[in-house]
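Undergrad: how would this look folded up:
(one chain, ligands or ions: 1)
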Amino acid sequence: MQNLLIKKHKIMSLQLGDTAPDFTAETTEGKINFYEFLGDNWGVIFSHPADYTPVCTTELGRTAALQKEFDKRGVKVIAVSVDPLDKHLGWREDINKTQNVNVEFPIIADEDRTVANLYGMIHPNASTTATVRSLFVIGPDKKIKLTLTYPASTGRNFTEVLRVIDSLQLTAKHTVSTPVDWNYEEDVIIPAALSLEEANQKFPKGIKVVNSYLRYTPQPDLS
Ligand code: BEZ
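TA: Here you go, the predicted model:
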């Protein structure tokens, strides 16, 4: 039985580069088709265990407070909860009141767990019914670019999610990578595969050589 569960879970789990599953669902903003909602934008879809719970309340509050930051990056945000729509609507008022925000992103009412199962948001050995704190960043090509999984007891850091999105958007446009704790406008890493001559040509802002495989350049412009 355990083996079967593990096998089933493995089949369901989404990995980097996989296509994000499409779905149509009831949400606090009406019926939404996920791909239509995303359009050509980047997307974040994230689950939490239950409505009217403290950590989840702070998480959705922080996401709402960062709405302008997500907008600036062209990222559409949508939350998933296996609770029903009427419960979401009441809880949303609580979030707005207690976190001093205005939740504008949709919250999916995933009572039958369609979305939770599509995205492998239920981890049976953590809870057979509640979704864990899953988060997926999806690119404009509908491919999964980031997966995060946190337990129910630990709230996520949505500033970190924005930081990763900055890196994903930069590295989608330029052949660079971003070092540990990198933040927007800080130096980035030149691929080791480039010769020094090629690197000098490709990165006119200059290069800083630490050794043959660790070389930095100022962040290329994103726009
Ligand atoms: C919370 O959001 O506080 C929470 C939800 C489910 C389990 C544990 C904590």
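Undergrad: Show the pLDDT at the closest residue to T28 other than its chain neighbours.
TA: Sequence neighbours aside, I107 is the residue nearest to T28 in space, at 4.6 Å (criterion: C-beta to C-beta, 6 or more residues apart in numbering). For every residue, glycine as well, the C-beta is placed using N, CA and C. Residue-level confidence at I107 comes out at 98, pLDDT.
Undergrad: Who are the contact partners of I107?
TA: Counting by C-beta atoms under 8 Å, 6 or more residues apart in numbering, I107 makes contact with T27, T28, L60, I78, A79, V80, S81, H88, R92.
Undergrad: Contact partners for the second one?
TA: When contacts are counted by C-beta under 8 Å, 6+ apart, T28 is found next to L85, H88, L89, R92, V103, P106, I107, A109.
Undergrad: R163 versus the residue nearest the centre of the chain, what's the distance?
TA: Central residue of the chain (C-alpha atoms, centre = their mean): V137, 3.3 Å from the mean position. To R163, V137 is 11 Å away according to C-beta to C-beta, to the nearest Å.
Undergrad: And V115, by the same measure?
TA: Distance, V115 to R163, by C-beta to C-beta: 26 Å.
Undergrad: one step back: the residue nearest to the centre of the chain reaches I144, doesn't it?
TA: Yes. Counting by C-beta atoms under 8 Å, V137 does reach I144; the two are 7.5 Å apart.
Undergrad: Skipping adjacent residues, who's closest to G139 in space?
TA: K145 (4.9 Å).
Undergrad: residues in contact with the one you found?
TA: L16, W42, V137, I138, G139, L168.
Undergrad: Mean confidence (pLDDT) on the helix or strand where it lies, please.
TA: K145 is part of strand 144-150, with elements assigned from DSSP states H and E. Averaged across strand 144-150, the pLDDT comes to 98.
Undergrad: can I get the CA coordinates of that strand in PDB?
TA: Taking Å, rounded to 0.1, in the frame of the first residue of the first chain, the C-alpha atoms of strand 144-150 are listed here in PDB:
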ATOM      1  CA  ILE A 144       7.400  24.900 -14.300                       C
ATOM      2  CA  LYS A 145      10.400  27.100 -13.400                       C
ATOM      3  CA  LEU A 146      10.300  26.700  -9.600                       C
ATOM      4  CA  THR A 147       8.800  24.400  -7.100                       C
ATOM      5  CA  LEU A 148       8.700  25.000  -3.300                       C
ATOM      6  CA  THR A 149       7.200  22.800  -0.600                       C
ATOM      7  CA  TYR A 150       6.900  23.900   3.000                       C
END
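Undergrad: Can you tell me the strand partners of that strand and which way each runs?
TA: Strand 144-150 has its sheet partners listed here by DSSP bridges as strand 133-138 (antiparallel).
Undergrad: can you list contacts of the strand it pairs with?
TA: 14, 20, 38, 42-49, 59, 75, 119-121, 144-152, 154-156, 161, 164-165, 168.
Undergrad: what does this structure have sitting close to the ligand?
TA: Counting by C-beta under 6 Å from any ligand atom, the chain comes close to the ligand at P49, A50, T53, P54, V55, C56, A152, S153.
Undergrad: among these, which two are most distant?
TA: Greatest spacing in these, by C-beta to C-beta: A50 and S153 (12.8 Å).
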